[in-house]
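Undergrad: with the input below, show me the fold.
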Amino acid sequence: MKYRKVNERVLKQLAAIVEPNDILSDRERILDYASDESSIEPHYPEVVVRTNTTEEVSKILRLANQELIPVTPRGGGTGLCGGAVPIYGGILISFEKMNQILELDAENLMITVEPGVFVLDLHTYVEEHDLLYPPDPGQKLGTIGGNISTNAGGMRGVKYGVTRDFVQGLEVVLPTSEIIDLGGKTVKNSTGYSLIDLIIGAEGTLGVITKAILRLVPLSKLSSTLYVPYKNLQDASSTVSKIIQNKIIPPAIEFVDQSSILVAERYLKRSMPRNDAPAYVLIRIEDKDETQINADIEAVGEICLENNALDVLVADTRGKQEEIWEGRSCIIDAAKAEGLVEVVDCVVPRASIPALIKGLNDIAKKYGVECQNFGHAGDGNVHTNILKKTMNDDEWNNKIPHLLLDIYTLSVSLHGTISGEHGIGLTRKQYFPMARDEKQIELMKEIKRVFDPNNILNPGKIFDLD
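TA: Numbering: from 1, shown residues only. Just a heads-up that it's a prediction; the model follows:
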């Protein structure tokens with residue numbers, strides 16, 4: 001597809017749609033919109049448009065579709081795969097001003113929000129009303145629209161599921177400008193194809209989300225956290241399967257290696273408990289009943305010790321728990337603060353985690369790189385920070401594609417896939433055929449053509465159209 005440029009005539013038409021101060025074209029002002037949290041070099045949009053309403057989004061897409069100008073939707077820019085990077089320039093629609101919580105429906109346990117609402121703000125708001133929005137991605141300054149577009153997961157996925165499981169309804173603007181409402185507040189819906197599930201996880205390639213209805217659950221006010229050091233990652237990861245086998249499903253079961261703990265310490269400028277251990281499992285226990293929490297702590301602690309845990313430390317105050325989970329949540333940001341990082345997010349069946357971790361460490365040794373392994377042990381989603389450290393640019397650029405190929409080959413061989421929650425975007429596009437067969441990819445391309453016949457919406461992400 002040969003796209004057209006944003007010219008003065010198009011700028012004037014955009015100025016008739018939104019307020020003039022919501023149109024940014026000065027290179028210095030659009031710098032922050034040229035990249036995300038991936039290692040991709042910046043790609044500048046020709047113009048950034050900050051929208052305020054669904055109708056504005058619709059008019060912009062109508063104009064872009066008529067003029068054959070590419071459009072990139074953007075939330076918080078916290079993605080790790082280049083999904084919000086405007087690689088073809090064009091128009092970037094920013095949802096930073098569409099950030100309102102529109103309705104809390106406590107009777108139906110649902111909340112309606114605009115796409116620019118930060119996950120952190122949503123969590124804070126609903127918890128003040130004794131409710132919980134379970135999806136808990138590590139980057140709390142990500143937005144709901146971006147989370148839905150990548151089907152974000154997070155630490156509570158083992159018990160509650162991922163973003164998809166909590167999206168009840170969406171207002172979506174199609175690339176051809178039509179506004180459609182998908183789903184709603186009904187708990188059941190068996191009425192035709194589930195188009196809402198096509199939009200969730202489509203990385204902004206099929207439609208632009210302008211409103212979301214999300215499901216909530218009651219908040220469990222009582223909680224405790226187990227911080228369990230191990231002598232190796234194999235014992236740590238094996239423990240997770242044992243906990244699940246005993247029919248105990250904590251809301252979060254995370255594993256972390258020592259390198260991850262130490263980089264978190266440096267970033268937070270404080271020590272983590274037992275930082276001398278090679279590996280750790282972090283387990284959150286929640287319930288409304290204190291007796292049940294204590295019973296679960298005892299049962300899980302015994303399982304950990306039976307599987308060679310060096311100790312079982314219990315954090316039962318809110319402050320101590322927040323310190324532990326802050327240490328886990330900051331690992332990616334901590335690694336990036338020390339240099340260039342390639343973040344991998346493979347997912348395998350839970351029982352295959354020990355084999356995946358062993359393989360990841362073997363691959364790191366093969367290429368002579370340092371890495372940090374951590375992630376959501378409860379749902380098989382393993383994150384790996386590959387660290388550039390002292391490698392020069394040529395060495396790094398030569399090694400990374402081969403290293404990633406080996407990692408993704410390993411994950412697929414273990415009946416897993418190449419992304420559990422970050423998406424494909426641009427950085428993983430070349431590896432996508434490893435995870436989906438030719439027929440599936442062709443079906444996806446046909447769906448893309450139906451939704452977006454001129455291929456203007458976030459083009460070049462996930463796959464290229466022929």
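
Undergrad: from now on I want contacts and neighbour counts done on CA atoms only, so please keep to that.
TA: OK.

Undergrad: packing partners for the longest helix along the chain?
TA: In the chain, assigned by DSSP state H, the helix with the most residues is helix 393-413. Applying 3 or more C-alpha pairs under 8 Å, 6 or more residues apart in numbering; DSSP states H and E, one finds that helix 393-413 contacts strand 341-347, helix 353-367, helix 432-435.

Undergrad: so where's the stretch 51-200 of the chain uncertain?
TA: In the prediction, the stretch 51-200 of the chain carries no residues with pLDDT under 70.

Undergrad: which stretches of it form helices?
TA: 54-67, 119-127, 144-150, 157-160, 195-199 (DSSP state H, counting those that start in this stretch).

Undergrad: if you compare the ones you listed, which one is most tucked away?
TA: Among the helices of the stretch 51-200 of the chain, helix 144-150 has the highest mean neighbour count (mean count of other C-alpha atoms under 10 Å), at a mean of 28.

Undergrad: which other residues reach that helix?
TA: Contacts to helix 144-150, defined as C-alpha atoms under 8 Å, 6 or more residues apart in numbering, come from residues 74-76, 79, 114-119, 163-164, 167, 199-204, 209-210, 212, 421-423.

Undergrad: now do stretch 254-274
TA: Residues from elsewhere that reach stretch 254-274 (C-alpha under 8 Å, 6+ apart): 155, 229, 233, 236-237, 275-283, 324, 327-328, 330-331, 334-335, 337, 371-378.

Undergrad: what's the spacing between the residue most central in space within the chain and residue 13?
TA: Centroid check for the chain by C-alpha atoms, centre = their mean gives residue 152 as the closest residue, at 3.8 Å. Using C-alpha to C-alpha, to the nearest Å, one gets 35 Å for the distance from residue 152 to residue 13.

Undergrad: how is the chain carved up into domains?
TA: For the chain, automatic domain parsing gives the domain ranges 8-97, 101-218, 222-332, 339-434.

Undergrad: so which of these comes closest to residue 452?
TA: Closest to residue 452 of these, according to C-alpha to C-alpha: domain 101-218, at 5.6 Å.

Undergrad: tell me how far the ends of that closest one are from each other?
TA: End-to-end distance (C-alpha to C-alpha), domain 101-218: 19 Å.

Undergrad: try stretch 299-316
TA: End-to-end for stretch 299-316, by C-alpha to C-alpha: 16 Å.

Undergrad: may I see the buried residues of that stretch?
TA: In terms of neighbour count (16 or more other C-alpha atoms under 10 Å), stretch 299-316 has its buried residues at 300-301, 303-304, 307, 309-310, 312, 314-315.

Undergrad: and for stretch 233-250?
TA: Here stretch 233-250 shows 233-243, 249-250 as buried, counting by 16+ other C-alpha under 10 Å.

Undergrad: and stretch 40-53, by the same measure?
TA: By neighbour count with 16+ other C-alpha under 10 Å, stretch 40-53 contains the buried residues 40, 42-52.

Undergrad: show residues contacting it.
TA: Contact with stretch 40-53 is made by 5-6, 18, 22-25, 27, 30-31, 33-35, 57, 82, 85-98, 210, 427, as judged by C-alpha under 8 Å, 6+ apart.

Undergrad: ok, stretch 155-165 next?
TA: By C-alpha under 8 Å, 6+ apart, the list of residues contacting stretch 155-165 reads 134-138, 147-148, 151-154, 197, 200, 249-254, 376, 378-379.

Undergrad: which among the residues you listed end up buried?
TA: When the contacts of stretch 155-165 are checked for burial by 16+ other C-alpha under 10 Å, the buried set is 134-138, 147-148, 151-154, 200, 249-254, 376, 378-379.

Undergrad: residue 65: what's it in contact with?
TA: Residues near residue 65 by C-alpha under 8 Å, 6+ apart: 175-176, 454, 456.

Undergrad: just the buried residues from those residues, in ChimeraX please.
TA: To isolate the buried members of the contacts of residue 65 in ChimeraX, using 16+ other C-alpha under 10 Å:
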select :175,176,454,456
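
Undergrad: quick one: the contacts of residue 65 as CSV, columns for distance to residue 448 too.
TA: Shown next, in CSV, are the contacts of residue 65 (distance: C-alpha to C-alpha, whole Å):
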residue, distance to residue 448
175, 10
176, 12
454, 10
456, 10
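
Undergrad: among the buried residues of stretch 40-53, which are located in strands?
TA: Under the assignment DSSP state E, the buried residues of stretch 40-53 contribute 47-50 to strands.

Undergrad: against residue 445, how distant is residue 453?
TA: In this structure, residue 453 and residue 445 are 11 Å apart, going by C-alpha to C-alpha.

Undergrad: what do you get for residue 422?
TA: Residue 422 sits 20 Å away from residue 445, going by C-alpha to C-alpha.

Undergrad: now swap in residue 182 and tell me
TA: Relative to residue 445, and taking C-alpha to C-alpha, residue 182 is found at 21 Å.

Undergrad: now do residue 3
TA: Using C-alpha to C-alpha, we find residue 3 at a distance of 19 Å from residue 445.

Undergrad: kind regards, and thank you for your time.
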